[in-house]
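> Have a look; sequence and predicted model below, questions after that.
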Amino acid sequence: MAAAPFSIVNVFDLEAPYVTEYRRLLHKILAAGSHSDIKSIMVTSAMIAEGKSTICSFMALTAAVKRGLKTLIIDADLRLPSIHKLFGLPEAPGLVEVLTDGVSPKDAMRKTSVENLDILPSGRQSDNPTEIFDAEAVGNIVEELKFYYDLILIDCAPLLPVSDPMLLASRVDGTILVIKAGTTQRELVERAVGILNPPQNNVLGVVLNNMNHILPYYYDYDYYSYDYRQSPQGPTKIIKKPAPARRPKNKPAEKDPTLKDNIGHS
Ligand SMILES: Nc1ncnc2c1ncn2[C@@H]1O[C@H](COP(=O)(O)OP(=O)(O)OP(=O)(O)O)[C@@H](O)[C@H]1O
Ligand SMILES: [Mg+2]
């Protein structure tokens, strides 16, 4: 029997500490404006592989499951689409068919196994994504779909190699810039911010990905994590896990030369 396709839904753990971070993120973003102000959010980064699709997916899952928001992810990264893979769905029909073949967005959309969460995948791969990506048309689709959804997250291409996110930024309610901490060079992030041009476009903020590898050990979730269920006193008692035998607090961390001048070590 063939194995079931991978789905990020199956690894989404409601009890995991990262869900708390996504809840905080959503709270900050959605509380920033009055409720209906921010409905469409583009997720981009300076370079490839900084975690855009992963963060977009977990944000959407958290919004749908924890906040009960009717949520849609649009995969607008026509060069390296991955939302369909993350959710174990076919890639087409999707945005490409909506933009080029007159397919209605409603017909290209997929329901996921999660209540309140739908996906508009990228669609078929093509040789000329630059020509197909029509930011005005994508913006119009997003506007149209706002009627049906509380939150629309748009997974987009990276800013430095591709012009799509720059063109779309003014057509969404806000943009999140994902930065892979410890890896992405400061100058690249500065250029990406320059392209986003915050006075003109609503840059909601940055999400630092990869922080586990950057923060000192006392931020480690394992160190601070607790388990209600193990408590003999009942469900409210917090039991701290014993601290791992690691560097004492007053001893400075050894410098990692590979992190010099990178974001996360300012
Ligand atoms: N916080 C994290 N911890 C561990 N792995 C991660 C984390 N964030 C992303 N990854 C992994 O890094 C890789 C790149 O992530 P992802 O595909 O989300 O990035 P992306 O910015 O969308 O990339 P692309 O530019 O190719 O679209 C994936 O294998 C993903 O599973
Ligand atoms: Mg991606």
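Received, thanks. The structure displayed is predicted, hence computed values, not measured ones. Numbers count the residues shown, from 1 in each chain. Ligands and ions are numbered 1, 2, ... in the order given.
> For the chain, which residue gets nearest to ligand 2?
residue 53 (3.3 Å; Cβ to the ion). From N, CA and C alone the C-beta is placed, and that goes for glycine too.
> so that residue sits in a helix?
Yes: Residue 53 forms part of a helix when assessed by DSSP: H, G, I helix; E, B strand; the rest coil.
> which residues does the residue lying closest to it once chain neighbours are set aside contact?
Leaving aside its chain neighbours, residue 53 sits nearest to residue 82 (4.6 Å; criterion: Cβ to Cβ, 6 or more residues apart in numbering). If a contact means Cβ atoms under 8 Å, 6 or more residues apart in numbering, then residue 82 has 53, 75, 155 as its contacts.
> And residue 96, by the same measure?
When contacts are counted by Cβ under 8 Å, 6+ apart, residue 96 touches 78, 122-124, 126, 132.
> Narrow those residues to those that are buried.
78, 122-124, 132 (16 or more other Cβ atoms under 10 Å).
> could the residues you listed be laid out in a markdown table, adding distance to residue 146 and secondary structure?
Shown next, in a markdown table, are the buried ones among the contacts of residue 96 (distance: Cβ to Cβ, whole Å; DSSP: H, G, I helix; E, B strand; the rest coil):
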| residue | distance to residue 146 | secondary structure |
| --- | --- | --- |
| 78 | 22 | coil |
| 122 | 20 | coil |
| 123 | 21 | coil |
| 124 | 26 | coil |
| 132 | 22 | helix |
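> which among these gets closest to residue 46?
Closest to residue 46 out of the buried ones among the contacts of residue 96 is residue 78 (18.6 Å), distances taken as Cβ to Cβ.
> wouldn't the closest one be in contact with residue 131 here?
No: Residue 78 lies out of contact with residue 131 (Cβ atoms under 8 Å); the separation is 10.1 Å.
> Distance check, the residue nearest to residue 53 against residue 29.
For residue 82, the distance to residue 29 equals 22 Å [Cβ to Cβ, to the nearest Å].
> What of residue 89?
With Cβ to Cβ as the criterion, residue 89 and residue 29 are 26 Å apart.
> And for residue 70?
In this view, residue 70 and residue 29 are 16 Å apart by Cβ to Cβ.
> what's the answer for residue 106, then?
Distance, residue 106 to residue 29, by Cβ to Cβ: 26 Å.
> neighbour count winner among the two?
residue 29 (19 against 12; other Cβ atoms under 10 Å).
> Can you give me the buried ones in the helix or strand harbouring the more buried one?
In this structure, residue 29 sits in helix 17-32 according to DSSP states H and E. The neighbour-count check on helix 17-32 (16+ other Cβ under 10 Å) flags 19, 21-22, 25-26, 29-30 as buried.
> try stretch 119-137
119-124, 129, 132-133, 135.
> Then stretch 70-88?
So stretch 70-88, judged by 16+ other Cβ under 10 Å, has buried residues 71-87.
> so the residue of the chain closest to ligand 2 touches residue 83, yeah?
Yes: contact criterion Cβ under 8 Å: residue 53 and residue 83 qualify, at 6.0 Å.
> Between those two, which contacts overlap?
Common neighbours of residue 53 and residue 83 are listed as 75, 155 (criterion: Cβ under 8 Å, 6+ apart).
> So which residues of this protein form strands?
40-45, 71-75, 110-111, 117-120, 151-155, 174-180, 203-209 (DSSP state E).
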